[in-house]
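Undergrad: What follows is a predicted protein model with its sequence.
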Amino acid sequence: MLAVVIPIALALQGLAFLLTVARLLRGPSLPDRIIALDTLSINAIALLVLYGMVIDSTLFFEIALLIAVTGFIGTVALTKYLQRGDIIELR
């Protein structure tokens, strides 16, 4: 059953990845692009996990965790920059 489901899931995640890239390039506003970047990292995580399942390797799961942490920190930094115009607050 997994031999049928995983290729279908990979194809659908690839399509979602391409649609998210289109939203990232098209915009129209900066918050839309930030959401697209966050969604892009989530799609990349899903693709890596699925590919790791296909080739039966745990390395891709660790890479997915690194992308998850990096994506979260990037999203928080960009939204803080949008709200305040500065990422690091100096007192």
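TA: Structure's in. What do you need?

Undergrad: what about Leu90, which SS state?
TA: coil (DSSP: H, G, I helix; E, B strand; the rest coil).

Undergrad: Near it, how many other residues are there?
TA: Using other CB atoms under 10 Å, Leu90 is surrounded by 4 other residues. Quick note: C-beta positions are derived from backbone N, CA and C, even for glycine.

Undergrad: swap in Tyr81?
TA: 13.

Undergrad: so which helix or strand takes in it?
TA: helix 59-84 (DSSP states H and E).

Undergrad: who does that helix touch, helix- and strand-wise?
TA: helix 30-55 (3 or more CB pairs under 8 Å, 6 or more residues apart in numbering; DSSP states H and E).

Undergrad: ok, and for the helix it packs on, which residues are buried?
TA: 33-52 (16 or more other CB atoms under 10 Å).

Undergrad: Repeat that for stretch 4-16.
TA: So stretch 4-16, judged by 16+ other CB under 10 Å, has buried residues 9-10, 13, 16.

Undergrad: With stretch 61-77 instead?
TA: 63-64, 67, 71, 75.

Undergrad: any chance of these in CSV, with pLDDT and distance to Tyr81 too?
TA: Compiled in CSV, these are given as follows (pLDDT from 0 to 100; distance: CB to CB, whole Å):
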residue, pLDDT, distance to Tyr81
Ile63, 94, 27
Ala64, 94, 26
Ile67, 94, 21
Gly71, 92, 16
Thr75, 90, 11
